[in-house]
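Visitor: I need the structure of the sequence given here:
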Amino acid sequence: MKAKGANTMPKTEYAIEPGRQDIVSTVVLDAPRELVFRAYTEPKLFAQWWGPRQYTNTIDKFDARQGGEWRVIQRAADGGEHAFRGVHHEVSAPERLVGTFEYEGMPGHVALQIATFEPLGNKTRLVAHTVFESVADRDGMVASGMQEGADESMERLAELLQTMKSGQ
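Guide: Residues are numbered from 1 along each chain as shown. Predicted coordinates for the structure are as follows:
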């Protein structure tokens, strides 16, 4: 077991401006962008880090190419389920992903996310720009605890990337 503080977790910065219908998050991950991109586009890897720890991800479909659909079901220990889906509109390895995101519990509220993977030597700056259909949709996502869940996802991603780096 590592000593507390031995593995620093990434700090995500959020730009959430009043009256706008978007969120921009930026985080620097301690891994080359090729590995970060793989963690985003390979279903088995994606399932290991996406979402809060309290959920287990089941990949229903995950076609990481232009026009490919994805659907992930998150299951809680008590059996509760949350399903998410979308379509990949652009998959440009290893620099950019563009796709939609929809929570099936609130159908019809689709967001567009543009993720860019910028190389910083052996690290990666990940910038996710999510555009919602309205300010109300964006504010609803923020109120749902999105930031806490996103922070936990980035922690889990950083842990997975450390494992991937040691296995190279």
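
Visitor: now the helices for this structure?
Guide: In the chain, the helices defined using DSSP state H lie at 33-41, 43-49, 135-143, 146-166.

Visitor: any chance of those in CSV, plus mean pLDDT?
Guide: Output for the helices of the chain, formatted as CSV (pLDDT from 0 to 100):
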stretch, mean pLDDT
helix 33-41, 98
helix 43-49, 97
helix 135-143, 94
helix 146-166, 95
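
Visitor: those: which one's closest to Leu97?
Guide: helix 33-41 (6.1 Å; Cβ to Cβ). Glycine gets a C-beta too; all of them are placed from N, C-alpha and C.

Visitor: before we move on, back to that, can I get the helices of the chain in a markdown table with distance to Lys123 and mean neighbour count?
Guide: Below are the helices of the chain laid out as a markdown table (distance: least, Cβ to Cβ, whole Å; neighbours: other Cβ atoms under 10 Å):
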| stretch | distance to Lys123 | mean neighbour count |
| --- | --- | --- |
| helix 33-41 | 9 | 20 |
| helix 43-49 | 17 | 17 |
| helix 135-143 | 28 | 15 |
| helix 146-166 | 10 | 16 |
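
Visitor: let me know which of these is the nearest to Glu118.
Guide: Here helix 33-41 is closest among the helices of the chain (Cβ to Cβ), at 7.1 Å.
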